[in-house]
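[1] Starting from these lines, generate the structure:
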Amino acid sequence: MYVDYEFYKDVYMGKLAEPIFNKHSIEAQAYLDLHTLGRLKGKEEIPIEAKYAICELTERAFKLELSGGKDIASETVASHTIHYSDNNENATKQSEEYRIVRKWLATTGLMYRGVGKC
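    Numbers count the residues shown, from 1 in each chain. Below you'll find the model as predicted:
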């Protein structure tokens, strides 16, 4: 794993329980590998930006599980009302996950798709 629970809890200040974190961080790591073309596999030192991306993707995966895979469009606190997005759910999910990856890794070279080194 690229990120352990201690990093998630102590550095990222995450609030998920360890079994939930472990379950969803596997999916987050696979998504990160997809967008970095596996450049992190086998690395001894994982860049901090990649660790933060995995933490945020892990929390997103958990929230999507709670909502049945739908993004929350709006939420009201008093009387606790939740409205879910009706647009193309898969495209919305992927674009939000990509936004997270791009936010953390855009300046690292890990998402480079060209030929040779950047």
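[2] ok, and for stretch 2-21, which residues are buried?
    Y2, V3, Y5, F7, Y8, K9, Y12, G14, L16, I20, F21 (16 or more other Cβ atoms under 10 Å). For glycine as for every other residue, the C-beta is placed from the backbone atoms N, C-alpha and C.
[3] sorry, that was for stretch 37-47
    R39, L40, I46, P47.
[4] Kindly present these as TSV, with separate columns for secondary structure and distance to D33.
    Formatted as TSV, these follow (DSSP: H, G, I helix; E, B strand; the rest coil; distance: Cβ to Cβ, whole Å):
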residue	secondary structure	distance to D33
R39	coil	8
L40	coil	7
I46	coil	12
P47	coil	14
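[5] Can you list the residue ranges for strands in this protein?
    72-76, 81-84 (DSSP state E).
[6] Most widely separated two among the buried residues of stretch 2-21?
    Pairwise distances across the buried residues of stretch 2-21 peak at 17.3 Å for Y2 and I20 (criterion: Cβ to Cβ).
[7] Stretch 102-111: which residues count as buried?
    Those would be W104, L105, T108, L110, M111, for stretch 102-111 by 16+ other Cβ under 10 Å.
[8] low-scoring stretches of the protein, by residue?
    69-75, 77, 80, 82-93, 116-118 (pLDDT under 70).
[9] Please repeat the previous calculation with a cut-off of 80.
    Residue ranges of the chain with pLDDT under 80: 67-94, 115-118.
[10] residue nearest the centroid of it?
    Nearest residue to the geometric centre of the chain (Cα atoms, centre = their mean): L57, 1.2 Å.
[11] In contact with it, which residues?
    E27, A28, Y31, L32, E97, I100, V101 (Cβ atoms under 8 Å, 6 or more residues apart in numbering).
[12] S25: neighbouring residues, count only.
    25 (other Cβ atoms under 10 Å).
[13] A50 now?
    Per other Cβ under 10 Å, the neighbour tally for A50 reads 23.
[14] for K51, same thing?
    If you count neighbours by other Cβ under 10 Å, K51 ends up with 20.
[15] does it really touch Y2, like I thought?
    Yes. Look at K51 against Y2 with Cβ atoms under 8 Å: they come within range, at 6.4 Å.
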